[in-house]
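1. sequence below, structure please.
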Amino acid sequence: MKVHFIAVGGAVMHNLAIALKLKGYEVTGSDDEIFDPARSNLQRYGLLPEQPGWHPGKITPGLDAVILGMHAKKGNPELDRALELGLKIYSFPAYLYQQSKNKKRVVIAGSHGKTTITSMVMHVLNYHHRDFDYLVGSRVEGFDVMVRLSDAPVIVIEGDEYLTSALDPRPKFLHYKPHIALISGIAWDHINVFPDYDGYLEQFEKFIASVEKEGSLVYYRDDSELAAVVERAACPRRLFPYTTPRYDISGGTTYFFPGDDDDRVPLKIFGRHNLTNLNGARMVCRELGFTDEEFVEAVRSFKGAANRLELVAKNDRTAVFRDFAHAPSKLKATVEAAKELYGSRQLVAVMELHTYSSLSKRFLDQYKGTMQKADIPVVFFNPHAIALKKLPPITVEDVQKGFENKNLQVFTDAGKLEAFLRSINYRNKTLLLMSSGNFGGMDVKRLAGDVCPKE
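-> Residues are numbered from 1 along each chain as shown. Modelled structure (predicted):
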């Protein structure tokens with residue numbers, strides 16, 4: 001099989017390219033710019049394009065498939081050539097479905113928590129030596145790549161509601177047709193493609209309707225919006241609602257009560273939202289044939305996905321975490337989790353506005369109350385990022401008004417932000433850094449090591 005990737009440098013695209021090469025396919029790709037970690041990963045597997053840019057000469061009649069990434073827009077010269085030749089053109093979710101038609105498909109969806117829940121299910125399968133394929137949106141300990149395709153009977157997919165490609169405006173998760181589906185919750189995001197909340201909700205109704213006949217739907221019952229969507233959607237017959245399990249925290253360790261008795265299990269993760277995620281993963285694993293005892297045995301060693309409340313540095317008086325949180329619901333849950341873990345410590349919470357939604361003035365009021373648990377709340381945004389996204393500018397005052405937090409400090413200069421963070425005495429404090437970007441190029445690991453030295 002000969003497959004060519006247009007926009008091979010994407011996070012999932014380059015991992016899919018690697019997965020197909022490992023499967024024995026002949027793989028080529030193009031992109032106008034490729035950054036790490038994609039660049040290093042592609043180079044390691046001999047898939048890094050020799051020259052950046054688009055090269056229609058790579059599109060030949062001998063290709064069995066062309067896979068089109070979101071970064072490639074209409075009018076792309078390689079796409080135009082593929083259309084001219086009448087080649088089979090797939091988005092990555094459509095191609096993933098083609099590769100998994102004969103597998104049991106597990107799809108984890110929701111506005112928040114889907115990477116963590118997907119990672120938990122993968123961890124349990126791996127711990128118990130089950131053969132499975134997967135697609136996950138972050139690096140997971142114990143797995144070299146983010147996509148695997150083989151002859152395994154099961155595939156676990158993180159189902160994203162973002163759009164598919166320039167040729168297909170549907171959400172990605174509508175391609176997968178799951179046998180087992182999970183929805184973790186619904187909170188409006190991606191206003192660039194879902195400008196109103198009702199349109200966003202409708203995508204989850206369609207997702208529920210896409211579940212295979214006699215399939216299973218696991219959902220978080222305490223989300224009233226989600227519960228209403230489930231009630232009015234064309235649901236599968238097998239519904240499995242879940243809630244937050246009983247847990248407590250002692251000495252900086254979170255304990256989970258898997259049953260009705262007082263037996264508790266120490267975990268390496270923390271935060272109410274992550275305990276909720278854990279219960280959702282438990283329901284999915286039941287549907288995959290695992291007992292609760294097998295689930296608990298495996299999950300106690302789960303450390304979380306990369307950049308999801310990831311511990312960067314720690315000593316007896318300070319801890320530094322980083323997280324991918326950017327949407328309001330994720331931000332609030334992450335701040336509350338970090339504060340809850342070390343309740344006696346002050347929390348310095350730093351969030352970067354980086355996504356299209358978060359940098360949109362009309363979306364800022366969605367962040368009201370999200371950082372109330374932080375003792376020192378800080379927000380950073382880069383005006384250059386706003387210009388690159390071709391959005392109207394926002395001001396420091398706009399951010400302060402949207403968050404409605406009288407203690408909030410707002411920075412637009414990365415150097416001044418870092419200087420401020422370094423000026424704080426971190427004795428008996430926790431530092432939480434949250435971004436889907438890089439704080440204007442700030443070296444988070446070096447900062448963490450300096451403010452939280454090993455003792």
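2. what's the single longest strand in this protein?
-> strand 346-353 (DSSP state E).
3. that strand: what's the following helix or strand?
-> strand 376-381 (DSSP states H and E).
4. next, the angle strand 376-381 makes with the longest strand of the chain.
-> Using axes from the mean of the first three to the mean of the last three C-alpha atoms, to 10 degrees, the interaxial angle of strand 346-353 with respect to strand 376-381 works out to 10 degrees.
5. adjacent strands (with direction) for strand 346-353?
-> According to DSSP bridges, strand 346-353 forms sheet pairs with strand 376-381 (parallel), strand 429-434 (parallel).
6. quick one: distance of it to the chain centre.
-> 19 Å (C-alpha atoms, centre = their mean, to the nearest Å).
7. residue 241 versus the residue nearest to residue 263 when sequence neighbours are not counted, what's the distance?
-> By the measure of C-beta to C-beta, 6 or more residues apart in numbering, the closest residue to residue 263 outside its immediate chain neighbours is residue 257, 7.1 Å from it. Every C-beta, even on glycine, is put in place using the N, C-alpha and C of the backbone. Between residue 257 and residue 241 the computed distance is 19 Å (C-beta to C-beta, to the nearest Å).
8. isn't residue 375 up against residue 348?
-> Yes. Assessed by C-beta atoms under 8 Å, residue 375 is found in contact with residue 348 at 7.1 Å.
9. so what sits against both of these two?
-> Overlap between the neighbourhoods of residue 375 and residue 348 consists of residue 429, taking contacts as C-beta atoms under 8 Å, 6 or more residues apart in numbering.
10. of those two, which one has the most company?
-> Neighbours were counted for residue 375 and for residue 348 using other C-beta atoms under 10 Å; residue 348 has more, 23 against 13.
11. how deep is the residue nearest to the more buried one when sequence neighbours are not counted tucked in, by neighbour count?
-> Taking C-beta to C-beta, 6+ apart as the measure, residue 348 lies nearest to residue 376, with 4.4 Å between them; neighbours along the chain are not counted. Other residues lying near residue 376 total 18 when counted by other C-beta under 10 Å.
12. how about residue 376, what does it touch?
-> If you count contacts by C-beta under 8 Å, 6+ apart, residue 376 has them with 346-349, 407, 409, 424.
13. where along the stretch 151-300 of the chain do the helices fall?
-> Counting by DSSP state H, counting those that start in this stretch, the stretch 151-300 of the chain forms helices over residues 197-209, 224-232, 272-287, 292-299, given from the N-terminal end onward.
14. go on, the stretch 1-150 of the chain?
-> Counting by DSSP H, counting those that start in this stretch, the stretch 1-150 of the chain forms helices over residues 11-22, 38-44, 77-85, 92-99, 114-127, given from the N-terminal end onward.
15. what's the most buried one of these?
-> Neighbour counts averaged per stretch over the helices of the stretch 1-150 of the chain are highest for helix 114-127, at a mean of 25; criterion: mean count of other C-beta atoms under 10 Å.
16. show me what that helix is packed up against.
-> Packed against helix 114-127, as judged by 3 or more C-beta pairs under 8 Å, 6 or more residues apart in numbering; DSSP states H and E, are the following elements: strand 104-109, strand 154-158, helix 272-287, helix 292-299.
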